[in-house]
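Q: With the sequence up front, the predicted model follows.
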Amino acid sequence: MLRRLDVKSDNSRHGPIKFSIILAKSGGNSLVISISALKAKYFFAIFCVVIILIASGFAYGIYSHYAIKTEIVELEKTKANNALIGLEQEQHLQHEQETIAAYQALANRMKSLESKLQHIHQRDGDVKMSMKKLNPQETEALTGMGGEMTTLKGEALRDWILHYGDRQLNRFQTALDSAATIPNGYPIDMTDAKITSHFGIRSNPFDDLDNEFHNGLDFAAETGTKVYAAADGVVINASPMGSLGNAVKINHGHDYGTAYGHLSKILIQNGSTVKTGDLIGLVGSTGRSTGPHLHYIVYFKEQAIDPLPYI
């Protein structure tokens, strides 16, 4: 067991300076290590160099660590910027796709409106379509106009076109829906029929001595001639109706209605939804009738009016 460590310096003038390291053990034996001053200097120099190298390596390690960390931060920033650019591009592409879809929706709605118009006119190319006038408050005056001049372009122009186009289509759709529910055209093929009695005061066909009020138009035709709905609507009666005999009454909405009397056969059921030109019955002579014909009535606010302006 080591008991004592002594260091002795030999300053003899007759030789080099030496340093002695004495290691004393408990057994009595001692170990003496002598180092000259020159060797001590070399040892110290080497020790300093090693310390400097270690410090330099440590400093380089710290520098490399922070340099790598800074580079990682920059890479993260670049990655985030690229992700943001990608997101903006994706949003722009999505916006363009939504715009294209909106334009396509407008085009599809326009095709649908054109199809409805064709359906309204399919039975008679010369049928006049009655349409309600636009709200007078929306009519622009011819004078007294002005305001700031604004130029629309880019997304603002596109959004305005979409908004204006959709608004106009909605107004057109409303007018078209109204027109589809207004009695329009002949309820019978006029190649096989003719008008034999008009709306208003007439001589009683059963007694020429009396006059009576006739609330519709009579179309004389052969029994079995087809009778058609004059507008879109819902059948509210499809059964015998007193002097009208077998009859069909339709509610078209917008305060309009029609009735078709003296039918030989009813081909529609009560509560059914019909479109303009749908087959609803066949001409006959049921009820109060002098012969096969169609008695056609147009109602406005439950009041019978002259059907002639509506055919």
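A: In hand now; what should we look at?
Q: per-residue pLDDT, S130?
A: The confidence metric pLDDT takes the value 37 at S130.
Q: Y256 now?
A: Looking at Y256, the pLDDT reads 93.
Q: residues touching it, list them.
A: Counting by C-beta atoms under 8 Å, 6 or more residues apart in numbering, Y256 touches T181, I182, P183, A231, G233, V298, Y299, F300. For every residue, glycine as well, the C-beta is placed using N, CA and C.
Q: can we see that at 6 Å?
A: Y256 makes contacts with I182, F300, as judged by C-beta atoms under 6 Å, 6 or more residues apart in numbering.
Q: Could you identify the longest helix within this structure?
A: Ordering each helix of the chain by length in residues (DSSP state H) puts helix 37-121 first.
Q: Counting by contacts, list what that one packs against.
A: helix 154-180 (3 or more C-beta pairs under 6 Å, 6 or more residues apart in numbering; DSSP states H and E).
Q: What are the buried residues along whichever helix or strand comes after the helix it packs on?
A: Next along the chain after helix 154-180, taking DSSP states H and E as the criterion, comes strand 193-197. For strand 193-197, burial by neighbour count (16 or more other C-beta atoms under 10 Å) applies to A193, I195, S197.
Q: quick one: the following helix or strand past strand 193-197 to strand 193-197, angle?
A: Moving toward the C-terminus from strand 193-197, the next helix or strand (DSSP H and E) is strand 200-204. Going by axes from the mean of the first three to the mean of the last three C-alpha atoms, to 10 degrees, strand 200-204 is angled at 90 degrees with respect to strand 193-197.
Q: Show me what counts as buried in strand 200-204.
A: By neighbour count on 16+ other C-beta under 10 Å, the buried set for strand 200-204 is empty.
Q: Quickly run through the sheet partners of that strand, with directions.
A: Looking at strand 200-204 with DSSP bridges, its partner strands are strand 207-214 (antiparallel).
Q: C-terminal to the partner strand, what's the next element?
A: Using DSSP H and E, the helix or strand that follows strand 207-214 towards the C-terminus is strand 217-221.
Q: Please save the CA atoms from that next one in PDB.
A: What follows is strand 217-221, C-alpha atoms only, in PDB (Å, rounded to 0.1, in the frame of the first residue of the first chain):
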ATOM      1  CA  LEU A 217    -114.800  27.600 -74.800                       C
ATOM      2  CA  ASP A 218    -116.400  24.600 -76.500                       C
ATOM      3  CA  PHE A 219    -114.300  22.600 -78.900                       C
ATOM      4  CA  ALA A 220    -116.400  20.200 -81.100                       C
ATOM      5  CA  ALA A 221    -114.500  17.000 -81.900                       C
END
